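# What follows is a predicted protein model with its sequence.
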Amino acid sequence: MLKDVTLGQFFPGKSLIHRLDPRTKLLILIGYIVALFLAVSWLSYGVVFVFLVSCIAISRIPVKSFFRGMKPLIFILVFTGILNIFFTQGETVLVQFWKITVTLEGLIRAFFMVFRIMLLITGTFLLTYTTSPIALTDGLESLLSPLKKIKLPVHELSMMMCIALRFIPTLIEETDKIMSAQKARGADFESGKLMQRVKALVPILVPLFISAFRRADELATAMECRCYHGGDGRTKMKLLRMRSFDYYSFLVSAAMIAGVCVLRHFGL
Amino acid sequence: MEKAISVEHLAYAYPGVEDTPDIVVFEDLSLQIEQGSFVAVLGGNGCGKSTLAKHFNSILLPCGGKVYVYGMDTSDEEKLMQVRRCTGMVFQNPDNQIVANVVEEDVAFGPENLGIASPEIRNRVDRALKQVGMYEYREHAPHLLSGGQKQRVAIAGVIAMEPKCIVLDEPTAMLDPRGRKEVMQTVTKLNAEKGITVVLITHHMEEAAQAQRVVVLHQGKIEADGTPQEVFSQVELLHKIGLAAPDTVELCWELNKHGFNLPLSALDPDDCAQILLRFLEGLTRREEENWHLF
């Protein structure tokens, strides 16, 4: 049951978006988010929306999976929507009862807010769906490498991220095993009040932590045996390389952001 | 012949915690391992097998005596990387030695640490994966592989560094019979085809029987050392230190207790069957001869 949990689910593929350099994708995502927050009108939202939809179309990732990914966030979306509907001051009153007024401005604003969050989430999903976790960490490491100058341990951070990603399935499997073992000895995780359930988790967490520490120790020895000595003098098998297509993508995205800025300048 | 590993009067003790005394593992151990040989180190739990293995690539440093790997002193800090480059190490739990979440990235980990140029890493990774027969799985996630496959990936990760010697610390302890067979085949192939020195630490007699030389450790001392035939024919000695000979040898030994006179050299069922067959043929021939006498 725990095995179904997927994090940063990656859909392997060969589309243009998949083959983009992870750094390109990361930078474009940042640009896209900026554009999204600069957008103020129907037209500018439309520009961002068209950009996203065409990216999704190129990536050939089924639209369904984006909606599935959004399910856990429905509460936030609804909550944001309701707050904006009721708490926006406006002139065109649509409905009024007791102390609550719903205005046309409120409705529009709520729609924009919800739409913005949805675009934001979908954009980030597109990145994780089309980029393998390793490529993503490599991209991050490369983008953050200037920070090495101010003694930020960039390589160590990306190594940690890589190992964490590697061990998520292993630890989930282990949790499953420990849970079964405790259930076999009469532990009860499914009933009782909240406090009782939280307490029931302790016998799972303790062995899990102990084994995680043991694993870490063994892994460290194994890494040392394979000559690991930090990031100095280390090479990479897969070098990140910007191709012409990466530059075209930058151009298109820049055009989109510029478009949104211009529209904002004219108040559209 | 060149010595791959040479242990000279090794002494080692795990430091005790607070008031507990140190745990002495070795007092005076000497052992030579020849380049290109396939040596099995055998022993029960807690006899110091793994501790010995960890001395072979400077994970542990001797408290007394010296360990030389291809002539390099393992306690010489400047030669640390070179020592580790020469002797690769494979551990018991394959899950805890795989670093990356794609098979080929993991195999590339070692060469990447050595600072080798990218195209050469690619070559080495492909070659290593082909040698262990895992090339088709190069883009898989390690946690979806079977135990034997994971262990082969771990071995590929070591041979991608092109070591002269591989030390395997109970590589099959957590595997099912099939995985065990896969790993043993890979190891014997590497030894035979690439001339890589193999030190196999194990407590499986059948695995040790595949080696060219067997060293039996007990309480930090070498109790027996020789070819598998020589070592396993000393059944009483093995029993005394809590080990057993391979089943085939045990069978012949048990039969000998009942007045038979069988050689104790059979290390696999086929050999054993041959010995028994020859014995029975001899028996019938003698009976026929006896018949003629009357």
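Great, that's in hand. Residues are numbered from 1 along each chain as shown, chains lettered A, B, ... in the order given.
# does B:Tyr68 sit in a helix, a strand or a coil?
strand (DSSP: H, G, I helix; E, B strand; the rest coil).
# From chain A, how far off is it?
The gap separating B:Tyr68 from chain A is 18 Å, by C-beta to the nearest C-beta, to the nearest Å. Every C-beta, even on glycine, is put in place using the N, C-alpha and C of the backbone.
# Then B:Glu206?
For B:Glu206, the distance to chain A - C-beta to the nearest C-beta - is 26 Å.
# which other residues reach stretch B:106-115?
Contacts to stretch B:106-115, defined as C-beta atoms under 8 Å, 6 or more residues apart in numbering or on different chains, come from residues A:223, A:226-229, A:233-237, B:81, B:85, B:88, B:98-100, B:120-121, B:124-125, B:128-129, B:138, B:142, B:153, B:156-158, B:160-161.
# Give me the mean pLDDT for that stretch.
Average pLDDT, stretch B:106-115: 91.
# What parts of the stretch 1-150 of chain A come near chain B?
A:132-134 (C-beta under 8 Å from any C-beta of the partner chain).
# So which of the contacts of stretch B:106-115 belong to strands?
B:Gly88 (DSSP state E).
# Out of the contacts of stretch B:106-115, which end up buried?
Taking 16 or more other C-beta atoms under 10 Å in any protein chain shown as the criterion, what is buried in the contacts of stretch B:106-115 is A:223, A:226-228, A:234-235, A:237, B:85, B:88, B:98-100, B:121, B:124-125, B:128-129, B:138, B:142, B:153, B:156-158, B:160-161.
# biggest helix in chain B, by residue count?
Among the segments of chain B that qualify as a helix by DSSP state H, the longest is helix B:269-293.
# Let's see stretch A:55-72 as PDB, backbone CA atoms only.
In PDB, the C-alpha atoms belonging to stretch A:55-72 read as follows (Å, rounded to 0.1, in the frame of the first residue of the first chain):
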ATOM      1  CA  CYS A  55       4.400  23.000 -23.700                       C
ATOM      2  CA  ILE A  56       2.200  20.200 -22.400                       C
ATOM      3  CA  ALA A  57       1.200  19.400 -26.000                       C
ATOM      4  CA  ILE A  58       4.800  19.100 -27.000                       C
ATOM      5  CA  SER A  59       5.700  17.000 -24.000                       C
ATOM      6  CA  ARG A  60       2.900  14.500 -24.900                       C
ATOM      7  CA  ILE A  61       2.100  13.900 -21.300                       C
ATOM      8  CA  PRO A  62      -1.500  12.900 -20.700                       C
ATOM      9  CA  VAL A  63      -3.500  15.900 -19.300                       C
ATOM     10  CA  LYS A  64      -5.200  13.500 -16.900                       C
ATOM     11  CA  SER A  65      -2.000  13.000 -14.900                       C
ATOM     12  CA  PHE A  66      -1.900  16.800 -14.200                       C
ATOM     13  CA  PHE A  67      -5.400  16.700 -12.800                       C
ATOM     14  CA  ARG A  68      -4.600  13.600 -10.800                       C
ATOM     15  CA  GLY A  69      -1.600  15.400  -9.300                       C
ATOM     16  CA  MET A  70      -3.700  18.400  -8.400                       C
ATOM     17  CA  LYS A  71      -6.200  16.300  -6.400                       C
ATOM     18  CA  PRO A  72      -4.500  16.700  -3.000                       C
END
